[in-house]
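Participant: Need coordinates for the below:
(one chain, ligands or ions: 2)
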Amino acid sequence: MAARNISRFWEWGRKIICVGRNYADHAKELKNAIPTEPVLFLKPPSAYVREGSPILVPLYTSNLHHEVELGVVIGKGGTSIQQSDAMDHVAGYALCLDMTARDIQDECKSKGLPWTMAKAFNTSCPVSEFIPKESIPDPSKVKLWLKVNDQLKQSGCTSQMIFSIPYLISYISDFITLEEGDLILTGTPKGVSAVQEHDELQAGIENVVTMTFQDQSEPPQPVPGQSGVT
Ligand SMILES: CC(=O)CC(=O)C(=O)O
Ligand SMILES: [Mg+2]
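Facilitator: Ligands and ions are numbered 1, 2, ... in the order given. Next comes the predicted model:
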């Protein structure tokens, strides 16, 4: 069998591990406490969407937020990875959005329920093209931005992260074995806001990559027993 190409990691069906509240300014804007340990959640591979396909707004939310984030693509798997070795496990990066149904997340938080419905729906993880590791020599100084309909909403730098990329790789790998093709979303800076159907989301990593997505309402789901659906 031909070797798989890491530059199409989104086709591999691997894990998407997300870090929340990794920027103090974003934690503050949502009135969350600054974490003393990484806050983690997962998205399934069905969350991936690429440029040219729309972000589907779930029917059950009326407050879908954008969160622009640096994604780290794992090139070499491992368990209990030392911080000092962590960057040897990185194949490259991707610009990512952690699309979040904020109203549903707030409801889940108040009921003590997991964030799955808010964070893991289809197309909740738009990704850019693969960015080889050499294109970002210092991932701790990456400038991220996001515009909605040409209006700047988010602008931040990975230097503001509470937990560094090597720390996160080491921390996660202590209890979730990392595999080649896994993606780690490293959290969002402040400026998250609501998007609607037909909005255009443009995001970039300064001097490295840009990407553009459109929001589209999710088509109504067929109801079993109606319209000939059984
Ligand atoms: C409160 C959140 O939704 C956490 C999150 O995803 C983040 O990037 O921060
Ligand atoms: Mg996020």
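
Participant: Grab the nearest non-local neighbour of the residue nearest in space to the middle of the chain.
Facilitator: When C-alpha atoms, centre = their mean is applied to the chain, the residue found nearest the centroid is D98 (3.6 Å). Spatial nearest neighbour of D98, chain neighbours left out: E67 (4.1 Å); criterion: C-beta to C-beta, 6 or more residues apart in numbering. For every residue, glycine as well, the C-beta is placed using N, CA and C.

Participant: And for that neighbour, the neighbour number?
Facilitator: The number of residues packed near E67 is 24, by other C-beta atoms under 10 Å.

Participant: Could you report the separation of it from I6?
Facilitator: Applying C-beta to C-beta, to the nearest Å, the value for E67 to I6 is 24 Å.

Participant: now do W145
Facilitator: W145 is 26 Å from I6, by C-beta to C-beta.

Participant: out of these two, which sits in the busier spot?
Facilitator: W145 (20 against 16).

Participant: what's the more buried one in contact with, if anything?
Facilitator: Applying C-beta atoms under 8 Å, 6 or more residues apart in numbering, we find W145 in contact with 68, 152, 154-156, 203-204, 206.

Participant: likewise Q160?
Facilitator: Taking C-beta under 8 Å, 6+ apart as the test, what Q160 contacts is 23-25, 189.

Participant: again with F213
Facilitator: Taking C-beta under 8 Å, 6+ apart as the test, what F213 contacts is 49, 51, 54-55, 97, 126, 200-201.

Participant: Buried subset of those residues as a ChimeraX selection?
Facilitator: Only the buried entries of those go into this ChimeraX selection, using 16 or more other C-beta atoms under 10 Å:
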select :49,54,55,97,126,201
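
Participant: For my notes, please list the contacts of F213 in a markdown table and give secondary structure, pLDDT and distance to ligand 1 for each entry.
Facilitator: Formatted as a markdown table, these follow (DSSP: H, G, I helix; E, B strand; the rest coil; pLDDT from 0 to 100; distance: C-beta to the nearest ligand atom, whole Å):
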| residue | secondary structure | pLDDT | distance to ligand 1 |
| --- | --- | --- | --- |
| V49 | strand | 98 | 17 |
| E51 | coil | 98 | 21 |
| P54 | coil | 97 | 21 |
| I55 | strand | 98 | 16 |
| L97 | strand | 98 | 10 |
| P126 | strand | 98 | 14 |
| E200 | strand | 98 | 21 |
| L201 | strand | 98 | 16 |
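
Participant: Which members of the contacts of Q160 are classed as buried?
Facilitator: 23-24, 189.

Participant: Show me what residue of the chain gets nearest to ligand 1.
Facilitator: Using C-beta to the nearest ligand atom, G20 is the residue of the chain that sits closest to ligand 1, at 3.0 Å.
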